[in-house]
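S.K.: sharing a model prediction with you, sequence too.
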Amino acid sequence: MAAEQTPTVRWAQLRNKLFLTVLIPSIEDARVELTTKGLCLTATGATPRVIGDAEDDGDGSSALRRRGGGARVPYRLELEFFAGIKPRMSTWTAFRQSVRLTVQKAHTTTYWPRLVTAEAKHVSPVHTRTLFFI
């Protein structure tokens, strides 16, 4: 079996909630375990395959289009959140290309400066991207 892949995570927040989208092509068998300090997600998905040449996204940058369709590989994501959460008040749903989580923060008065406890801008091997603050 192929080596485990780490999926890309996109996230946003309100004062009381986090919104996470974990990108995994062609998801099967997604499982999410939430604790008061973090999450563990495992799933089976396809390796991304690049389709065509680089294309302009309209904002001056170019990106390669990706689609799932390669070999089946296991994905695993483990995060230790910046602060505590309420797992019983949090939800998740698996879609075809992503797993979306709505996570309730334990302390609802402040925004988090980052998603995870690590202070590094790029948390390796987890690829995170902040979408917006509301």
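M.R.: Everything's here; your move.

S.K.: what pLDDT does residue 63 get?
M.R.: Residue 63 is assigned a pLDDT of 45 by the prediction.

S.K.: please read the previous query as pertaining to residue 1.
M.R.: Value for residue 1, per-residue pLDDT: 60.

S.K.: offset the numbering so it begins at 649, please.
M.R.: New numbering, starting at 649: the last item is residue 649.

S.K.: how about stretch 720-729: buried residues?
M.R.: Under the neighbour-count criterion of 16 or more other Cβ atoms under 10 Å, stretch 720-729 has 721, 723, 725, 727, 729 buried. C-beta here means a position set from N, CA and C on the backbone, and glycine is covered the same way.

S.K.: identify the residues contacting the second one.
M.R.: Right, residue 723. Applying Cβ atoms under 8 Å, 6 or more residues apart in numbering to residue 723 gives the contacts 652-655, 672, 689-693.

S.K.: can you put the residues you listed in TSV and add distance to residue 758, neighbour count and secondary structure?
M.R.: Below are these laid out as TSV (distance: Cβ to Cβ, whole Å; neighbours: other Cβ atoms under 10 Å; DSSP: H, G, I helix; E, B strand; the rest coil):
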residue	distance to residue 758	neighbour count	secondary structure
652	34	12	coil
653	33	19	strand
654	28	14	coil
655	27	20	coil
672	30	26	coil
689	25	23	strand
690	31	15	strand
691	31	22	strand
692	37	15	strand
693	34	25	strand
